[in-house]
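[1] take this sequence and fold it.
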Amino acid sequence: MSATESRPTAEAEAEAEAQAEAQTRADSPAASGTSQATKETLEDYTLRYAPRSYRRWTPMVVATTALGGIAYMADFSIGAGIGLAHGTGNALVAIAVAAVVIFVTGFPLAYYGARYNIDLDLITRGAGFGYYGSVLTSVIFASFTFIFFALEGSIMAQGLRLGLGLPLWLGYLVSTLMVIPLVIYGMKALSKLQVWTTPVWLVLMVGPLVYLVVTDPGTVDRFLAYPGTDGDGGVNTASVLLGAGVCLSLIAQIGEQIDYLRFMPPKTEANKRRWWTAVVMAGPGWVVLGALKQAIGVFLAVYILASVGPSVAPEPIQQFKGAFDAMLPSWLVVPLAVVLVVISQIKINVTNAYSGSLAWTNSFTRVTGRYPGRMVFVLVNLGFALALMEADMFSFLNGILGFYSNCAIAWVVTVATDIGVNKYLLKLSPLVPEFRRGMLHPANPVGVVSFVAASGLSIALYFHAFGDTLQPYSPVAAAVIAFALTPLMAVATKGAYYLRRADDGIPEALLDADGNPSGTAYDCHVCHQPYERPDVTACATHDGVVCSLCLSTDRVGDHVLPASGQLLA
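    Below you'll find the model as predicted:
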């Protein structure tokens with residue numbers, strides 16, 4: 001069922017009328033000079049607030065779409081790598097520890113994304129980093145998307161080699177190019193893809209696992225008793241932390257979840273139960289399914305270990321080939337395993353390419369004041385991913401993820417702490433997130449200093465700068481330093497660097513009576529398009545309002561409001 005089919009007929013008709021009206025307006029002579037940036041971002045609201053008029057999906061459709069990206073196969077490889085190295089006991093504890101951290105830190109971020117309809121970069125700007133300061137974290141997030149695109153592409157190439165005999169280099173190229181047509185279009189196309197493919201994926205993933213456990217209970221005993229190549233079967237702190245550090249590289253996945261959750265409908269008394277269920281399930285709740293897949297990866301790797309060896313056991317295509325082989329005719333085993341891998345790769349890599357292009361575009365537009373088009377950065381992201389694949393990143397997967405997790409943890413914990421502590425407890429950070437240029441300082445030391453210190457020190461630990469004994473504690477250091485420094489910096493600066501000005505020059509309140517962003521539309525006097533209240537400010541030089549994207553691309557700064565206490569030009 002597609003997102004449009006899930007809505008009542010009246011709403012679907014209303015959307016069709018709105019689209020027709022928007023097209024008429026776009027084709028009119030008055031709009032002929034509208035910039036490419038404006039036209040392109042109206043499809044999926046790249047770089048900006050997602051307006052109420054666009055958000056017509058039900059909470060469950062948004063949640064299903066968001067969870068569709070969790071079909072990735074990397075979890076099986078990550079779990080298998082940890083389990084084979086450190087043993088099942090250490091792997092399961094490590095997976096559980098990482099899952100708890102990811103859930104706790106992801107909850108406030110998911111809530112803010114769904115409640116205020118902005119992506120994680122826009123949240124980060126107002127949660128301690130400032131307008132330009134969050135470029136740092138946008139690059140971190142963009143790196144996450146191409147690292148995991150490369151990982152999933154590698155897994156798909158392994159499947160194509162097994163099923164079709166394609167050499168790996170060609171499989172890497174196929175897995176990269178095939179997502180381009182799917183990711184050109186935004187939320188509308190992706191929601192249809194994710195909703196339709198999820199049931200097939202679930203059956204193919206869960207079926208063989210249930211069959212093995214039911215028909216051969218001994219597989220569970222062998223799985224639980226596996227000691228690992230580096231362990232003796234016992235649980236120890238160093239192994240758990242090393243494993244958890246690899247799992248915590250996935251902490252930035254919440255950014256991709258929010259890229260969908262920002263399209264949640266307004267929360268009201270009538271839908272609040274469904275709204276909260278969708279936000280928790282598709283926000284921090286993604287990690288429940290992720291942790292289960294990591295544990296399944298350990299199980300399947302141990303199951304096939306004797307027949308394929310430790311170098312191949314972490315490959316999901318080999319894991320599911322072995323599982324299918326126990327329950328299906330031999331002629332059906334490889335085709336089904338390949339289908340599962342291909343569906344999984346497509347479901348996650350359209351999300352990786354989409355989210356990565358948003359992050360790169362956000363950064364480039366803010367720094368240069370130019371919008372080259374999101375498609376340019378789809379290709380940039382895919383280029384980075386293809387380079388990693390051709391460099392055989394799968395063979396040193398845990399090293400890449402262990403290093404990357406230090407940066408990702410520092411970022412996410414800093415933003416989550418700013419929301420949970422600085423906003424709600426200390427009340428030094430504005431409760432309603434701000435992202436518009438002119439309203440924020442260029443950089444806020446609260447987030448920037450906390451992030452740089454936490455990531456820098458944890459990376460030093462990871463590379464043994466403080467000795468071998470402390471090396472496994474690098475992810476702990478990233479989380480603890482970020483959690484401690486964020487409120488300390490807010491207190492030290494007295495919250496003075498959060499807002500450059502508190503008044504955006506528009507008399508109407510930003511939020512409606514239910515606490516949702518107002519749906520009142522204003523025409524931007526620069527691009528002549530209507531935008532809702534949270535996406536505009538008064539103009540510094542004209543009697544009118546200007547939208548957030550036109551502010552971002554204003555290289556001279558003519559339209560940017562002055563800081564509080566300064567006079568308008």
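[2] can we go C-alpha only for contacts and neighbour counts from here?
    Fine.
[3] end to end, how far does stretch 51-60 reach?
    19 Å (CA to CA, to the nearest Å).
[4] swap that for stretch 242-260, sorry
    OK, stretch 242-260 end separation, CA to CA: 31 Å.
[5] what is the mean pLDDT for it?
    Model confidence over stretch 242-260, given as mean pLDDT, is 88.
[6] show me how far that stretch is from its chain's centre.
    Chain-centre distance of stretch 242-260: 8 Å, with CA atoms, centre = their mean, to the nearest Å.
[7] and for stretch 286-298?
    On CA atoms, centre = their mean, the centre of stretch 286-298 falls 17 Å from that of its chain.
[8] show me what counts as buried in that stretch.
    Counting neighbours by 16 or more other CA atoms under 10 Å, one finds that the buried residues in stretch 286-298 are Trp286, Val287, Leu289, Gly290, Ala291, Leu292, Lys293, Gln294, Ala295, Ile296, Gly297, Val298.
[9] same for the helix or strand the fifth one falls within, what does it pack against?
    In this structure, Ala291 is located in helix 286-308 according to DSSP states H and E. Contacts of helix 286-308 with other secondary structure elements, assessed using 3 or more CA pairs under 8 Å, 6 or more residues apart in numbering; DSSP states H and E, are made with helix 74-86, helix 88-116, helix 218-225, helix 316-325.
[10] of these, give the one that comes closest to Ala66.
    helix 88-116 (11.4 Å; CA to CA).
[11] what's the helix holding Ala291 in contact with?
    67, 70, 75-84, 88, 91-92, 95-96, 99, 102-103, 209, 219-220, 222-223, 226, 313-314, 316, 318-320, 322-323 (CA atoms under 8 Å, 6 or more residues apart in numbering).
[12] emit the PyMOL select command for whichever of those are buried.
    This is the PyMOL syntax for the buried subset of these, where burial follows 16+ other CA under 10 Å:
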select buried, resi 67+70+75+76+77+78+79+80+81+82+83+84+88+91+92+95+96+99+102+103+209+219+223+226+313+314+316+318+319+320+322+323
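[13] excluding chain neighbours, what is closest to Met205?
    Leu340 (7.5 Å; CA to CA, 6 or more residues apart in numbering).
[14] of the buried residues of stretch 286-298, which is the nearest to Leu485?
    Nearest to Leu485 among the buried residues of stretch 286-298 is Val287, at 26.0 Å by CA to CA.
[15] identify the residue spatially nearest to Gly79, adjacent ones excluded.
    Gln294 is the one closest to Gly79 (CA to CA, 6+ apart), at 4.1 Å.
[16] could you report the pLDDT at that neighbour?
    Gln294 carries a pLDDT value of 94.
[17] what about the stretch 1-150 of the chain, any weak spots by pLDDT?
    Filtered on pLDDT under 70, the stretch 1-150 of the chain yields the residue ranges 1-47, 69.
[18] for the stretch 201-350 of the chain, same thing?
    Using pLDDT under 70, the flagged stretches of the stretch 201-350 of the chain are 231-233.
[19] now do the stretch 401-550 of the chain
    Scanning the stretch 401-550 of the chain for pLDDT under 70 picks out no residues.
[20] swap in 80 and give it another go.
    Residue ranges of the stretch 401-550 of the chain with pLDDT under 80: 402.
[21] quick one: the helices in the stretch 151-300 of the chain?
    Ranges of helices in the stretch 151-300 of the chain, per DSSP state H, counting those that start in this stretch, are 168-177, 180-183, 187-215, 218-225, 237-247, 253-261, 272-282, 286-308.
[22] ok, back up a step: let's have the buried residues of stretch 286-298 in CSV, adding distance to Ser307.
    Putting the buried residues of stretch 286-298 into CSV (distance: CA to CA, whole Å) gives the following:
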residue, distance to Ser307
Trp286, 32
Val287, 31
Leu289, 28
Gly290, 26
Ala291, 26
Leu292, 24
Lys293, 22
Gln294, 21
Ala295, 20
Ile296, 18
Gly297, 16
Val298, 15
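[23] just give me the closest of the residues you listed to Val413.
    Of the buried residues of stretch 286-298, the one sitting nearest to Val413 (CA to CA) turns out to be Val287, at 15.8 Å.
[24] what about the helices in the stretch 301-450 of the chain?
    Along the stretch 301-450 of the chain, counting by DSSP H, counting those that start in this stretch, helices occupy 316-325, 330-368, 374-390, 397-417, 445-462.
[25] and the second one, what does it pack onto?
    Okay, so that is helix 330-368. helix 135-164, helix 180-183, helix 187-215, helix 253-261, helix 316-325, helix 374-390.
[26] switch these over to TSV; also include distance to Ala359.
    Output for those, formatted as TSV (distance: least, CA to CA, whole Å):
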stretch	distance to Ala359
helix 135-164	5
helix 180-183	14
helix 187-215	16
helix 253-261	10
helix 316-325	29
helix 374-390	9
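[27] how close does Val280 sit to Gly126?
    Here Val280 is placed at a distance of 22 Å from Gly126 (CA to CA).
[28] out of those two, which sits in the busier spot?
    Gly126 (32 against 18; other CA atoms under 10 Å).
[29] am I right that the more buried one is in a strand?
    No: judged by DSSP: H, G, I helix; E, B strand; the rest coil, Gly126 forms no part of a strand; its state is helix.
[30] excluding chain neighbours, give the residue nearest to it in space.
    Going by CA to CA, 6+ apart, Gly126 has Glu434 as its nearest residue, at 4.9 Å.
[31] check contacts around the residue nearest to Met205.
    Trp201, Leu204, Met205.
[32] number of nearby residues for the first one?
    Around Trp201 sit 19 other residues, with neighbours defined as other CA under 10 Å.
[33] ok, and the closest non-adjacent residue to it?
    Nearest to Trp201 is Leu340, by CA to CA, 6+ apart, at 6.4 Å.
[34] against Gly163, how distant is that neighbour?
    For Leu340, the distance to Gly163 - CA to CA - is 12 Å.
[35] with Gly309 instead?
    For Gly309, the distance to Gly163 equals 20 Å [CA to CA].
[36] which one of these two has more residues nearby?
    Gly163 (17 against 12).
[37] touching, that one and Leu336? I think so.
    No: Gly163 is not in contact with Leu336 according to CA atoms under 8 Å; the separation is 9.5 Å.
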